[in-house]
Every structure is written in structure tokens, then in C-alpha cells.
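> no letters, just coordinates:
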């Protein structure tokens, strides 16, 4: 329980505050990716490629590819932002900058450092998602999208939870990759398949048992589908509940494992 | 006993029976150490003797397998937050935050402590002046020279006004002038009443700064006390230095073996032989015709002796 209690400790939030302070100093350049990436993706794939894809049936609705893609990009943004921050940025702070070592000579302990990284990654993931939402609102104003925005506020805690869960996954690889060059292995063998085989960019429809099983356990699939149903139809679906439970399970399982592995890596403790 | 007199007489750092193993190898094996206000405890030992591991347990980076550590009477296992509030740590490696300037490193570090240090702007200004860092206040720490980086590390360890300061090889890699200025700063901190625990490879540093020395070997304390007493205990009262290439070298070696002294320590073309008063009298009687120099022992002799026994 000590591992989980550390989420509420002031030390974890001070660590988050440190990362946020550094990030916000470069806000003008840091804000470019979350604004331009979704705009480019929506224009290139949603509008450009989508103009060659006829509207198709999805969940008993006739939807354009742009309308299908937009909620997927929202889910994908949280996933990639939180994961990357917990993988590359945390690894650099841990290994190259020795930021963790400095923090560990204070009242901050390793569980606070790890929770601080996870909370910060989730915060950034959520912030990027909110920026993407504004982009989608812009697309709605132009008439390209017609979304139900009424449930969006309630969705924010779920996006934050998703960020913590994906950060916990990122920290797992931070704990085990031997060098920064080895990060290609989890990225291409785990993250890219997880990210694309998840109803984010295209409907993953297959009767194969393996594909069905994958979709049931893939939290990103449930997040993307849940957000899509909410934005396209205003429906609160079981996908949102499934996503919440899977993210909770990821955090419960992965955080203690991360801590154990990082204790070995950073402190040399068994 | 009132609080003030207790703080004078009882150690601010009191560690007993510390044990730590890595990969089933016991690195620290039953180490005790105490350090009082206004005192510097020097920890000496060859590489791998257990100095840094002992220090890391004391400042909470590592958890001991056995033993107790109290910081000003607070058990660091049951109450790590309060214990850590009272200590400052300067690690062997520079661990300042490269995303912040020198001034912001000090200010940012204060965030990691509760209760929060008060009047931080003033405190940081004083530290910048005292450690001669004011002109670099707005520079990034990785642009500083080695000596100024060490100053920043020590200043950062003091930002929350700790009672106990841990310095892990604070002058390693510095030029002699930078080392001496760090010594002066450390000596000043002692005079202000900090309890300071210092590990070092430099014998002159340990000898000049330490009120008490603790010599570690293979994770155990082999000697402790005032530097002169430790030297007498482990090395002897005198060291004779003679040419190792003299024709009588074999006879000297034979005599040392018969006296139970063992092999002499060789440095370049000389032998360094530690002897007590009686041993020196015997040596002079037997080898009176040889040219040799007699000098008082220093910590280099101790270090070499420990290394010789390890090998």
C-alpha cells in the first residue's frame, strides 16, 4: 500500500511541479506539437485521404472518415504523450541529467520520484488532449465535424487516468532498457502495435478469436471507441467503463513493478 | 537534561551495527559511527572498503539490512521525512539540476523540504555570496569549473539549514587551490556547529579536517579516533625510508620477517617501513651502518598499509 499512498504525498507533487516549471519555460516551442500534429493529421488523413473514402457504417451510424478519425487522434494523443514522457524524458532525467539522484538526497524518495514522473506524464497527456479538443472544436465551427460536446468535461478524469496508466507502462521500459538506443525495441514491438491495433486510425473488425481477445484487453481500443461514441452519438458506452477498469488495473500492477525494477536500477537494491 | 545540553553532548548522527550486502557480498559489516555538533568525522578506506555505502545508508539513499540510524534522536527508518529534513548531502557526482541556473538550483532544491525553509531569497543570496557563486548566479551549473561546481553542490546541501552534512569525496578531481578553498568552507561550517561526515581518498584532507577518523576495510571499522591515535594504532610511531636497491636488502627483509613485521611497502626505489620505538631502536642497532631517513607516519602510510594487506 505504501507504493500507492505515495501518490498523495507532497513530494510526488513537488516532483511534478519541477517538471512542469521546466516545461512551461519553453511553452512557445513545446505547444507546437500538440497544436500542429492533430491539425496536420486531420487535414492530411481526415480531409485529404478521407475525401477518397466514402462514408461508412459504424455502430449503426453513417460516418465520414474524418469524423471517425478525430476521436481516435484524441485517444492516441494521450497515449503517446504520456508514454513518451515516461520513457524518453524520464530516462534522460534518470540516466543523463542525474535529476533523480539529486532529488533522492532530499525528503523525496524513489516512490515519490516515480509517482511524480507518472503524474507529470499524465498531466502533459491531458493538456495535449485538451489542446486537441480545441482543434476539434475549430473543425466543428468550420462545419467539418458535428460532435456532441456535452460529456467532454466528465471525460477529462478518464483521460488523466489513461495518462497515468500509459506512463506506468513507459516507466517499465525506462527501468529495463539497457541504453537509450534499446528503446526502439519496446517502441516498435509493443507501442506501435498497441497504438495502431486499437480502433484509433481505422476500425479493427475481425472475427478471428485472437483479434477479438486483443480488442477486449486493449485499453486504448476501449478509450478510442468510448470517446468516439460519446462525441459522435452522445452515448456513454461500456467502453468507457472498460477503459477505466483496464487503466486502473494497469496502474495497480505496473507501478509496484516499476518501483521494484527502478529500485534495483537506481539504488542498486534487490 | 535540557534540550540544549542534550544537543551538545549527544551525537547528531548515531549509527550502530550497519550491515549491507550487494549480490550476496557483504559490503558493510557491522559499522558504528557517531558525529557530534561542531565535529568532522573523516571516513577513510581503499576503493570498495564500504565508505560510500555506509554514507548512503546514513543519508537514506540505501536501506540497511541491519542496524539503526538516528539523526538528532530521530529514527531514520520509522520517520525518514523528519530525519531527512535535518541532513544535507553532497554526493560524489554532481547531481545539480541542469535545467536551472545556479540561483534557481538553490531555490528549487528548497522545494524538496518540509517544513519549507523560510526567507529563501535572502538565504540563497547569502549562500551565493559565501560560496563565491554570486557572479555565476544566472549561469547554468554545467558551465562552471570543477571547483565552482563543488561549491554549488555544497551550497545546495545547506539550503534548508541542516544539522548534519554528508560530504562524499567533496574535493576529488579539484586542483590544489580549489581543494583548499573547499577545506576553508568546510572548516567554517564545522565552526558553525554542523556535524560533518566526510569521505575522502586524500590523506592530507582527512588529516587536516577531521576531528575523528574512522578507517574502513572490507566493510568493517579497523580503527577509529583522533587522526594521530589512529596512525599510531595502525601504522606505528615512526617510518623509516631507505633505498630498496642496497646490497643489504635481503638482510633487511630477513630481519623484518624474523621480527614479524612482514614485507616493507615499496614506493618507486624506496622501502617504507613502519616501526614502533623499540623496533626503531633494534633496527638502528642491527643496521646502523645503513643510510636511512626516519619520519613521522602519515595517512598515506596507513592507506598503503591497508592496500598491502588487501592484496
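Thanks, I have it. Keep in mind it's a predicted model, so treat the numbers as computed, not measured. Numbering: from 1, shown residues only, chains lettered A, B, ... in the order given.

> contact residues of chain A facing chain B?
Taking CB under 8 Å from any CB of the partner chain as the contact definition, chain A meets chain B at A:10-11, A:14, A:17-18, A:21-22, A:97-99, A:101-109, A:267-270. The way it works is simple: take the backbone N, C-alpha and C, and place the C-beta from them, glycine included.

> switch to 6 Å and redo it
When proximity is defined by CB under 6 Å from any CB of the partner chain, chain A lies next to chain B at A:14, A:22, A:97-99, A:101-102, A:104-108.

> would you map the helices across the chain?
As the question left the chain open, I've gone with chain A. Ranges of helices within chain A are A:2-5, A:10-25, A:27-30, A:32-41, A:65-84, A:90-91, A:99-103, A:110-141, A:152-176, A:184-186, A:192-196, A:209-217, A:219-233, A:238-262, based on DSSP state H.

> try again with chain B
Using DSSP H, helices in chain B cover B:3-9, B:51-58, B:80-85, B:102-110, B:120-130, B:146-157, B:176-191, B:203-209, B:227-234, B:249-258, B:277-286, B:299-310.

> who's in contact with residue B:133?
B:102, B:151 (CB atoms under 6 Å, 6 or more residues apart in numbering or on different chains).

> bridging across strands, which residues link to residue B:198?
On the basis of DSSP bridges, residue B:198 is bridged to residue B:42, residue B:167.

> where's it relative to residue A:41, distance?
57 Å (CB to CB, to the nearest Å).

> more crowded one of those two?
residue B:198 (27 against 19; other CB atoms under 10 Å in any protein chain shown).

> surely that one is in contact with residue B:167?
Yes - counting by CB atoms under 6 Å, residue B:167 is a contact partner of residue B:198 at 4.7 Å.

> tell me, what residue is most central in the chain?
As the question left the chain open, I've gone with chain A. Centroid-nearest residue in chain A, with CA atoms, centre = their mean: residue A:79, separated by 2.1 Å.

> hm, I was asking about chain B
Closest-to-mean residue, chain B, CA atoms, centre = their mean: residue B:199 / 2.4 Å.

> give me the pLDDT value at that one.
Residue B:199 carries a pLDDT value of 92.

> what pLDDT does residue A:242 get?
Reported pLDDT for residue A:242: 98.

> typed the wrong thing, it's residue B:311
So, for residue B:311, pLDDT stands at 44.

> and the gap between residue A:170 and residue A:37?
The value you get for residue A:170 to residue A:37, if CB to CB is used, is 19 Å.

> between those two, which is the more surrounded one?
Using other CB under 10 Å, the more surrounded residue of residue A:170 and residue A:37 is residue A:170, with 28 against 19.

> for the more buried one, give its distance to chain B.
Computed as CB to the nearest CB, to the nearest Å, the residue A:170 to chain B distance reads 20 Å.

> residues touching the nearest residue to that residue once chain neighbours are set aside, list them.
Nearest residue to residue A:170 in three dimensions, chain neighbours excluded: residue A:86, at 3.0 Å (CB to CB, 6 or more residues apart in numbering or on different chains). Applying CB under 6 Å, 6+ apart, one finds that residue A:86 lies in contact with A:117, A:121, A:167, A:170-171.

> how much space between residue A:86 and residue A:179?
Using CB to CB, residue A:86 is found at 17 Å from residue A:179.

> so where is the chain shaky, pLDDT-wise?
Using chain A. Where chain A drops to pLDDT under 70, the residues are A:270.

> my question was about chain B, not that one.
B:1-9, B:306-311.

> which residue sits closest to residue B:76, ignoring its sequence neighbours?
In this structure, residue B:76 finds its nearest non-sequential neighbour in residue B:83, 3.8 Å apart by CB to CB, 6+ apart.

> same question for residue A:20.
residue A:120 (6.5 Å).

> wait, that neighbour sits on residue A:17?
No - using CB under 6 Å, residue A:120 is not in contact with residue A:17, being 8.7 Å away.

> who has more neighbours out of these two?
Just comparing residue A:120 and residue A:17: by other CB under 10 Å the higher neighbour count belongs to residue A:120, 27 against 16.

> so what's residue B:21 up against?
Here residue B:21 is in contact with no residues (criterion: CB under 6 Å, 6+ apart).

> burial of the residue nearest to residue A:145 when sequence neighbours are not counted, as a residue count?
Nearest residue to residue A:145, sequence neighbours excluded (CB to CB, 6+ apart): residue A:139, at 4.5 Å. Residue A:139 has 22 neighbours, counted by other CB under 10 Å.

> pretty sure residue A:139 contacts residue A:146?
No - look at residue A:139 against residue A:146 with CB under 6 Å: they stay out of range, at 9.8 Å.

> anything in contact with each of the two?
Counting by CB under 6 Å, 6+ apart, residue A:139 and residue A:146 have no contacts in common.

> what's the neighbour count on residue A:255?
24.

> quick one: residues contacting the residue lying closest to it once chain neighbours are set aside.
Leaving aside its sequence neighbours, residue A:255 sits nearest to residue A:168 (CB to CB, 6+ apart; 5.2 Å). Taking CB under 6 Å, 6+ apart, we find residue A:168 in contact with A:118, A:250-251, A:254-255.

> distance-wise, check residue A:172 relative to chain B.
23 Å.

> let me see the contact set for that residue.
A:254, A:258.

> neighbours of the residue of the stretch 151-300 of chain B at minimum distance from chain A, how many?
Nearest residue of the stretch 151-300 of chain B to chain A (CB to the nearest CB) works out as residue B:157 at 7.4 Å. Neighbours of residue B:157 under the rule other CB under 10 Å: 23.

> for the residue nearest to it when sequence neighbours are not counted, what are its contacts?
Nearest-residue entry for residue B:157: residue B:88, 3.5 Å, with adjacent residues in sequence omitted and distances by CB to CB, 6+ apart. By CB under 6 Å, 6+ apart, the contact list for residue B:88 reads B:157-158, B:162, B:165.

> quick one: which of these is most hemmed in?
Going by other CB under 10 Å, residue B:165 tops those with 26 neighbours.

> so that one touches residue B:195, yeah?
No - using CB under 6 Å, residue B:165 is not in contact with residue B:195, being 7.2 Å away.

> residue B:210: which of the contacts of residue B:88 is nearest?
Of all the contacts of residue B:88, residue B:210 sits closest to residue B:165, with 13.7 Å by CB to CB.

> what number of residues lie near residue 50?
Picking chain A for this. 20.

> meant chain B actually
Residue B:50: 23 neighbours (other CB under 10 Å).

> which one (most neighbours) among the contacts of residue A:86?
residue A:167 leads the contacts of residue A:86 on contacts (other CB under 10 Å) with 35 neighbours.

> now do the contacts for that residue.
A:82, A:86, A:118, A:121-122.

> ok, residue B:195 next?
Contacts of residue B:195 (CB under 6 Å, 6+ apart): B:12-13, B:35-37, B:39, B:164.

> which ChimeraX command selects the buried ones in those residues?
If you want just the buried ones from the contacts of residue B:195 in ChimeraX, going by 16 or more other CB atoms under 10 Å in any protein chain shown, the selection is:
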select /B:12,13,35,36,37,39,164
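
> would you turn the contacts of residue B:195 into CSV with distance to residue B:260?
Conversion of the contacts of residue B:195 to CSV gives the following (distance: CB to CB, whole Å):
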residue, distance to residue B:260
B:12, 42
B:13, 38
B:35, 36
B:36, 38
B:37, 43
B:39, 36
B:164, 42
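
> pretty sure residue B:264 contacts residue B:274?
No - the criterion here is CB under 6 Å, and residue B:264 misses it with residue B:274 at 8.9 Å.

> thinking again about what came up before, ok, the residue of the stretch 151-300 of chain B closest to chain A - contacts?
Taking CB under 6 Å, 6+ apart, we find residue B:157 in contact with B:88-90.
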